[in-house]
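**Student:** heads up, no residue letters with this:
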């Protein structure tokens, strides 16, 4: 789950996700609820 940032648009990124079998989900740009979900997900990954 990511925002619509430029880092997540390149073909190489999408190809890597496809090869790993990962589904990419974009969040909506403004609502704090979805931004909070993405931030929480990143924190969880960093902790693991």
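**Tutor:** Good, I have the coordinates. Everything numeric in this text was worked out from a predicted model, so none of it was measured.

**Student:** contacts and neighbour counts: CA atoms only from here.
**Tutor:** Will do.

**Student:** Output the below-cut-off pLDDT ranges for the chain.
**Tutor:** 1-9, 28-34 (pLDDT under 70).

**Student:** the helices in it, which residues?
**Tutor:** 11-20, 32-47 (DSSP state H).

**Student:** Save those helices as a markdown table, and put in distance to residue 26 too.
**Tutor:** Compiled in a markdown table, the helices of the chain are given as follows (distance: least, CA to CA, whole Å):
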| stretch | distance to residue 26 |
| --- | --- |
| helix 11-20 | 12 |
| helix 32-47 | 9 |
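
**Student:** would you turn the ones you listed into a markdown table with mean neighbour count?
**Tutor:** Shown next, in a markdown table, are the helices of the chain (neighbours: other CA atoms under 10 Å):
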| stretch | mean neighbour count |
| --- | --- |
| helix 11-20 | 11 |
| helix 32-47 | 12 |
